[in-house]
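*Asks:* Got a sequence here, can you build the structure:
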Amino acid sequence: MIAVVVVRDGLLPAGGAEAVAECEGRAVLIGSQASVAAEALHGIATQLTLIERDTFLPGAIADELAALLANEPIVVLPASPDGRDLAPRLAAALQRQLLAGATAVTADRVDLVRNSGRELHRVVPDNRFIATLHPGARGVVPDSMLPAPAIKTAKSSTSKVVDADVIAVHPPDPATVDLAEAARIVSGGAGLDGPDRMRQLAEIALQLGASVGATRVVTDRGWAPHERQIGTTGVAVSPHLYMAFGIAGAVQHTSGLGDPAHIVSVNTDPHCPMMQLADLAIVSDANETLDALQALLS
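*Replies:* So this is what the prediction gives:
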């Protein structure tokens, strides 16, 4: 197994390190400043091939990688936006089965998330296939004892494949970005007193440059769409900052949080799991705190 990870400006995408770990440290990094991204894989990667490429042209990249990966039976990409764009093109170039949205990939089985996270399908793959790994589903813990990876570089080649012209690359909109890619998330739970609180949460998130998340209770009530649900039956996330308003922290929710650098929790119960996980735990009514926070930001 080998991972293919598209990098931009030296940054690994969401799920990039997990894809490399799933392939026991073997990976191809392709994109701008791939050598910088390789440094973030110390303790995870064992064998890296670096290909520097200034622009992301999925058709040309798939054509270029097809020869490099021809003898690799299993290729895994993170299900990041670039990974989801490249995977079907690479599968077509290599004439292989594509298994998208996996939570686990082995030579003998692939576990796939289906029906908006409500179902887990276990399939027996072909001998040679392409898979995308859902960010946050696997997790990864770097091994400090692992030696530095063996690194080789390859030159980017030209391709006659016609791609769309890249006119501009805009920063992601926190309001619409995939939660798996969000660096900041403001989330609401059962402690909120009505659907208007989620609209208020969205207004606060906009001012903080954050995305909106929710627990299953909130999405079941219809206060937020399912794609905003975080947890085992929703989206697995890995933000830098996670703010939880009225969220008790059931394991079905916290297991989808990854390892945020900072967690802020607001809850009337100082002993609930989310408060125990928090770097800053505020014992207060979440609804009143939202009102106060909105007043401060206005």
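*Asks:* all contacts plus neighbour counts: C-alpha atoms, from now on.
*Replies:* OK.
*Asks:* what sits against residue 247?
*Replies:* 188-191, 215, 265-267, 274 (C-alpha atoms under 8 Å, 6 or more residues apart in numbering).
*Asks:* element containing it, please.
*Replies:* Using DSSP states H and E, residue 247 sits in no helix or strand.
*Asks:* For the contacts of residue 247, which single residue is the most surrounded?
*Replies:* When neighbours are counted by other C-alpha atoms under 10 Å, residue 188 leads the contacts of residue 247 with 30 neighbours.
*Asks:* So what pairs up with it in the strands?
*Replies:* residue 214, residue 245 (DSSP bridges).
*Asks:* Wait, a strand at residue 102?
*Replies:* Yes. Residue 102: assigned to a strand according to DSSP: H, G, I helix; E, B strand; the rest coil.
*Asks:* and the gap between it and residue 41?
*Replies:* Separation of residue 102 from residue 41 (C-alpha to C-alpha, to the nearest Å): 21 Å.
*Asks:* Repeat that for residue 135.
*Replies:* Residue 135 is 16 Å from residue 41, by C-alpha to C-alpha.
*Asks:* State the distance from the closest residue to residue 261 other than its chain neighbours to residue 153.
*Replies:* Once flanking residues are discounted, residue 261 sits nearest to residue 240: 5.0 Å by C-alpha to C-alpha, 6 or more residues apart in numbering. According to C-alpha to C-alpha, residue 240 and residue 153 sit 31 Å apart.
*Asks:* now residue 225
*Replies:* Taking C-alpha to C-alpha, one finds residue 225 at 44 Å from residue 153.
*Asks:* Specify which residue of residue 102 and residue 41 has the higher count of neighbours.
*Replies:* Between residue 102 and residue 41, counted using other C-alpha under 10 Å, the more crowded position is residue 102 (25 against 21).
*Asks:* Verify the stated contact: the more buried one with residue 109.
*Replies:* No. With contacts defined as C-alpha atoms under 8 Å, residue 102 does not count as touching residue 109, sitting 10.3 Å away.
*Asks:* quick one: secondary structure of residue 27?
*Replies:* strand.
*Asks:* Just give the closest residue to it, not the sequence neighbours.
*Replies:* residue 3 (4.4 Å).
*Asks:* what ranges do the helices span in the protein?
*Replies:* 16-22, 34-39, 58-68, 81-94, 195-208, 216-220, 251-254, 273-277, 286-297 (DSSP state H).
*Asks:* Can you say which of the ones you listed is packed in most?
*Replies:* Counting by mean count of other C-alpha atoms under 10 Å, helix 16-22 has the highest mean neighbour count of the helices of the chain, with a mean of 27.
*Asks:* Show me what that helix is packed against.
*Replies:* strand 2-7, strand 74-78 (3 or more C-alpha pairs under 8 Å, 6 or more residues apart in numbering; DSSP states H and E).
*Asks:* Let's see that with 6 Å instead.
*Replies:* strand 2-7 (3 or more C-alpha pairs under 6 Å, 6 or more residues apart in numbering; DSSP states H and E).
*Asks:* For the strand it packs on, give the mean pLDDT please.
*Replies:* Averaged over strand 2-7, pLDDT sits at 97.
*Asks:* Please export the alpha-carbon coordinates of that strand; CSV is fine.
*Replies:* Extracted in CSV, the C-alpha atoms of strand 2-7 (Å, rounded to 0.1, in the frame of the first residue of the first chain):
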residue,chain,number,x,y,z
ILE,A,2,1.1,3.5,-0.7
ALA,A,3,-0.5,6.9,0.0
VAL,A,4,-0.8,9.8,-2.4
VAL,A,5,-1.1,13.2,-0.7
VAL,A,6,-1.5,16.5,-2.5
VAL,A,7,0.1,19.3,-0.5
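*Asks:* Buried ones in stretch 118-135, by neighbour count?
*Replies:* Within stretch 118-135, the residues scored as buried using 16 or more other C-alpha atoms under 10 Å are 125, 128-135.
*Asks:* And those, which is closest to residue 19?
*Replies:* Ranked by distance to residue 19 (C-alpha to C-alpha), these are led by residue 133 at 6.4 Å.
*Asks:* is it true that that closest one touches residue 81?
*Replies:* No. Counting by C-alpha atoms under 6 Å, residue 133 stays clear of residue 81, with 11.8 Å between them.
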